[in-house]
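>>> coords below, sequence missing:
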């Protein structure tokens, strides 16, 4: 279910999420053990645009299956307006 919601919200997430929110989500998901060091570093690569980072993050989390729901609650904490717009609640 979380995977389907993330898939539906992917385009808007990519277009609207900010770099500070991406970085915060990376920290949160690392702390929650959804992402590992390598995955976190992959998203933070300097040559990637903001949209590339967002794509990489959401696709990585979607592949985690049931654990993908962690991003929804963490996004709600970090950017409740975007969370509401994406209808992830």
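Structure's in. What do you need? None of the values given here were measured: they were computed from a predicted structure.
>>> going forward, measure contacts between C-alpha atoms and count neighbours the same way
Will do.
>>> pull the residues that contact the lengthiest helix in the chain.
Determined from DSSP state H, the single longest helix within the chain is helix 2-16. For helix 2-16, the surrounding residues in contact (C-alpha atoms under 8 Å, 6 or more residues apart in numbering) are 51-52, 54-55, 58, 62-63, 65-66, 68-69, 82, 86-88.
>>> what about those residues, which one has the most neighbours?
In terms of neighbours by other C-alpha atoms under 10 Å, those top out with residue 54 at 25 neighbours.
>>> now do the SS call for it.
Secondary structure, DSSP: H, G, I helix; E, B strand; the rest coil: residue 54 is helix.
>>> the residue nearest to it when sequence neighbours are not counted: how many residues sit nearby?
Nearest non-adjacent residue to residue 54, counting by C-alpha to C-alpha, 6 or more residues apart in numbering: residue 14, 5.1 Å away. Look at residue 14: counted by other C-alpha under 10 Å, it has 18 neighbours.
>>> start the count at 10 instead of 1 going forward.
Noted, 10 is the first residue going forward, which turns the last one into residue 23.
>>> ok, residue 23 to residue 40 distance?
22 Å (C-alpha to C-alpha, to the nearest Å).
>>> and if you look at residue 13?
24 Å.
>>> next one: residue 31
From residue 31 across to residue 40, the span is 14 Å (C-alpha to C-alpha).
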